[in-house]
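Trainee: Quick one: sequence and predicted model below, then my questions.
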Amino acid sequence: MRKPVIALTMGDPTGIGPEISLLTAMNAHVFDRAHLFIIGDIYRLEESLAILQKLGRVQDALKLRSIKTVSAATYEPLVVNVMDLQNVPEGLPWGELSPVAGQCAYEYLARAVQLSLDHTIDAICTAPLNKEAWQLAGIPYPGHTEALAALSGSPRSAMMLVNKGLRVVHVTTHVRLKQAIQLATTTRILDRIRLTADFLSAYGLKNPRIVVAGLNPHAGEGGLFGDEEEKEIFPAVQQAQGEGLCVTGPLPPDSVYVRAASGEFDAVIAMYHDQGHIAIKMLGFDSGVNVTIGLPILRTSVDHGTAFDIAGKGMAREESMVESVLVAVDLLRGPS
């Protein structure tokens, strides 16, 4: 089977994105499984390369090659292909919030989406951006997920987190807890169930087993601790079951992740941000991967931020980005 072609977007150039992109692109395990190139700024990447070489984290012989088109890339050891957008100004400081950096990160993403829509590449793996930098740059989206949906013309999308076989899809993410409870409606929950089933089926997992977590302790305990399960969540499960989907729930959120991680279920629908994120990060903080579902393209990402406090110091760990590439490869190849 041919190696898939995957674009790594460099992310915010003042964060750790340049470092982890380079470390991922030259990772031997990744090199064996995929053809990678970076969409970013070669000047900034050369800065990162010099830092990493000085610390002995990459070989001195590693070189960067500028390419204008994907077809111009040649994949060989100790060479990293870079689609250079030439948008990082010289002297941009590391680890500082910058509207210029926010604009750069958006441009890398927009180029990657276009390449993916044109079927020039098979998937996108994104390094972290800074949401506040996007806001300062006037980017009209709060983050990657919303921008990806808009750029690809997708009316519906959601976040799926993956770690060591556990898959979690969120009903809500970056909203206050009070609002998350209000947004846990039958319509929204059913939409997440359908998106999850469609995504997993599209990548070869037929009739996936989906479990829906409750919102309240003990999934409401029959209304004793809350009635959202009876009024909103269970009706969504019933309707999904009526559509022929293999769905269970709502089940108590304090035990559902253990059952899913053991293989009983293929995916969990979490009601809010921390309910899903804590379970994923407990399995390994550096191995979690963010997958955007509901798009006509495949995008995976690291499950961490720009880490301004260590940016430009050569200290960043690339495990999450490496894993995000491997998850994309596994999805493209389908179940073994």
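Mentor: Perfect, thanks for sending it.
Trainee: remind me which residues of the stretch 1-150 of the chain are low pLDDT?
Mentor: For the stretch 1-150 of the chain, residues meeting the criterion pLDDT under 70 lie at 1.
Trainee: Let me see the ranges of the helices in the stretch 201-336 of the chain.
Mentor: In the stretch 201-336 of the chain, the helices defined using DSSP state H, counting those that start in this stretch lie at 228, 234-242, 256-261, 273-282, 319-333.
Trainee: what's the closest of the ones you listed to Leu62?
Mentor: Among the helices of the stretch 201-336 of the chain, helix 319-333 comes nearest to Leu62, with 16.2 Å by Cβ to Cβ. Glycine gets a C-beta too; all of them are placed from N, C-alpha and C.
Trainee: Touching the closest one from outside, list them.
Mentor: The contact list for helix 319-333, computed with Cβ atoms under 8 Å, 6 or more residues apart in numbering, reads 1, 4, 6, 8, 20-21, 23-24, 27, 29-30, 33-34, 36, 122-123, 125, 127, 162, 203, 286-291, 298, 300-304.
Trainee: related to what we said a few turns ago, export the helices of the stretch 201-336 of the chain to JSON lines and tack on mean pLDDT?
Mentor: Formatted as JSON lines, the helices of the stretch 201-336 of the chain follow (pLDDT from 0 to 100):
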{"stretch": "helix 228", "mean pLDDT": "94"}
{"stretch": "helix 234-242", "mean pLDDT": "98"}
{"stretch": "helix 256-261", "mean pLDDT": "95"}
{"stretch": "helix 273-282", "mean pLDDT": "93"}
{"stretch": "helix 319-333", "mean pLDDT": "94"}
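Trainee: possible to save those helices as CSV with mean neighbour count and distance to Ala184?
Mentor: Shown next, in CSV, are the helices of the stretch 201-336 of the chain (neighbours: other Cβ atoms under 10 Å; distance: least, Cβ to Cβ, whole Å):
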stretch, mean neighbour count, distance to Ala184
helix 228, 22, 6
helix 234-242, 18, 9
helix 256-261, 20, 15
helix 273-282, 19, 11
helix 319-333, 22, 27
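Trainee: mind checking which of those helices is nearest Glu146?
Mentor: helix 273-282 (15.0 Å).
Trainee: What helices and strands are in contact with the closest one?
Mentor: If contacts are counted by 3 or more Cβ pairs under 8 Å, 6 or more residues apart in numbering; DSSP states H and E, helix 273-282 sits against strand 158-163, strand 166-170, strand 267-270.
Trainee: Highest mean neighbour count out of those?
Mentor: Greatest average neighbour count among the helices and strands packed on helix 273-282 goes to strand 267-270 (a mean of 28), per mean count of other Cβ atoms under 10 Å.
Trainee: mean confidence for that strand?
Mentor: Averaged over strand 267-270, pLDDT sits at 98.
Trainee: now the helices for the stretch 51-200 of the chain?
Mentor: Under DSSP H, counting those that start in this stretch, the stretch 51-200 of the chain gives helices at 99-117, 131-137, 144-151, 177-183, 186-202.
Trainee: if I look at Gln103, how far off is Gly91?
Mentor: The gap separating Gln103 from Gly91 is 16 Å, by Cβ to Cβ, to the nearest Å.
Trainee: Could you count how many residues lie near Arg65?
Mentor: 15 (other Cβ atoms under 10 Å).
Trainee: Please pick the buried ones from the contacts of helix 319-333.
Mentor: Burial by neighbour count, 16 or more other Cβ atoms under 10 Å: within the contacts of helix 319-333 this picks out 4, 6, 8, 20-21, 23-24, 27, 30, 33-34, 36, 122-123, 125, 127, 162, 203, 286-291, 298, 300-304.
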